[in-house]
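[1] give the three-dimensional model of this entry:
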Amino acid sequence: MEEIFRDLGFSEREIKVYLALLELGATTVGPIAAKTRLQHSKVYQTLEKLIDKGLVSFIIKSKTKYFQAQDPKQILNILKEKEKRFSEILPKLKEKQKYSKEKQIATVYEGYKAIKSMFDFILEELNNKSYYYVFAFKDDYLTSELASRFLRGIHMQLSEKKVDDRLIANISIKKEFERNYLDIKDMKYKFTNINLPLGLMIINDRVINWVWGERPTAIEIVSKQIAQQYKKFFLEIWKISKP
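    Numbers count the residues shown, from 1 in each chain. Next up, the predicted model:
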């Protein structure tokens, strides 16, 4: 639970104080400090920040402040408001990005979250006129259940979007491969004896080399010319590969 709060941008002290208030109800600083093991001054500072965020309120009884956590649903309201505000500037940001695309040569993504972010962006852009051609990596596919599940989710989304989704895998993983993808409609795959050291994806104007391993890493090259050459190579191997 605390990890989710961190992802939402809460500090460690904010998490401790807010969760403590949810359990304690309306209370003074003393019980909060005792429960969180924070100094009174730190609790006061943190409460002020939570009040500014609209997550804590207070009342005064006999000249003493009693603090209380707002309904947790308020966090959703805050996120919706942030999303709304960001949506207002999104067109301007995309316009700025348009000018830099020609300058971009390559991008390196390291770690699961970065890889997922890369795929989320790519999938959002794809449609039924797009293609997604892949030379599958072999060893990581066999040894990582997370990689297997993650890639299955990618191809399920490609099927929903009616993308031209083709994949060439090493013959040695045919059984595992078919078990993972047999039920995905519109996905096409073939097998070859060729051993590729890396996973390789050709997606419209992108070429992506990647490995899973202990820390997934991908190198994305955005270039229509390079992508066309790799696409041509892929289709040549596709012709001689076996179902």
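
[2] so the chain: which segments form each domain?
    2-71, 102-240 (automatic domain parsing).

[3] want to throw those into CSV with mean neighbour count and distance to P91?
    The way it works is simple: take the backbone N, C-alpha and C, and place the C-beta from them, glycine included. CSV is the format used below for the domains of the chain (neighbours: other Cβ atoms under 10 Å; distance: least, Cβ to Cβ, whole Å):
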stretch, mean neighbour count, distance to P91
domain 2-71, 15, 24
domain 102-240, 16, 15
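
[4] in terms of helices and strands, where is D165?
    D165 belongs to strand 164-170 when assigned by DSSP states H and E.

[5] list the helices and strands that strand packs on?
    On a contact count with 3 or more Cβ pairs under 8 Å, 6 or more residues apart in numbering; DSSP states H and E, strand 164-170 meets strand 131-135, helix 145-160, strand 187-192, helix 224-240.

[6] tell me which of the ones you listed sits nearest to G25.
    Minimum separation from G25 across the helices and strands packed on strand 164-170 (Cβ to Cβ) falls at helix 145-160, 40.5 Å.

[7] quick one on the thing from earlier: make TSV out of the helices and strands packed on strand 164-170 and add distance to L198.
    Shown next, in TSV, are the helices and strands packed on strand 164-170 (distance: least, Cβ to Cβ, whole Å):
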stretch	distance to L198
strand 131-135	8
helix 145-160	13
strand 187-192	15
helix 224-240	13
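
[8] of all the ones you listed, which lies closest to L8?
    L8 lies closest to helix 145-160 among the helices and strands packed on strand 164-170, at 23.0 Å (Cβ to Cβ).

[9] what are the boundaries of the helices in this protein?
    Using DSSP state H, the helices of the chain run over 2-7, 12-24, 29-36, 40-52, 73-100, 112-125, 139-143, 145-160, 174-181, 224-240.

[10] and the ones you listed: which comes nearest I208?
    In terms of Cβ to Cβ, the element of the helices of the chain nearest to I208 is helix 112-125, at 7.9 Å.

[11] helices or strands next to the closest one in the packing?
    Checked by 3+ Cβ pairs under 8 Å, 6+ apart, helix 112-125 has strand 106-110, helix 145-160, strand 206-211, strand 217-222 packed alongside it.

[12] ok, the first one: who's next to it in the sheet?
    So that's strand 106-110. strand 217-222 (antiparallel) (DSSP bridges).

[13] mean confidence for the strand it pairs with?
    Mean per-residue pLDDT for strand 217-222: 92.

[14] next one: stretch 129-136
    Averaging pLDDT residue by residue across stretch 129-136 gives 93.

[15] gap between that stretch and the chain center?
    Offset of stretch 129-136 from its chain centre (Cα atoms, centre = their mean, to the nearest Å): 20 Å.
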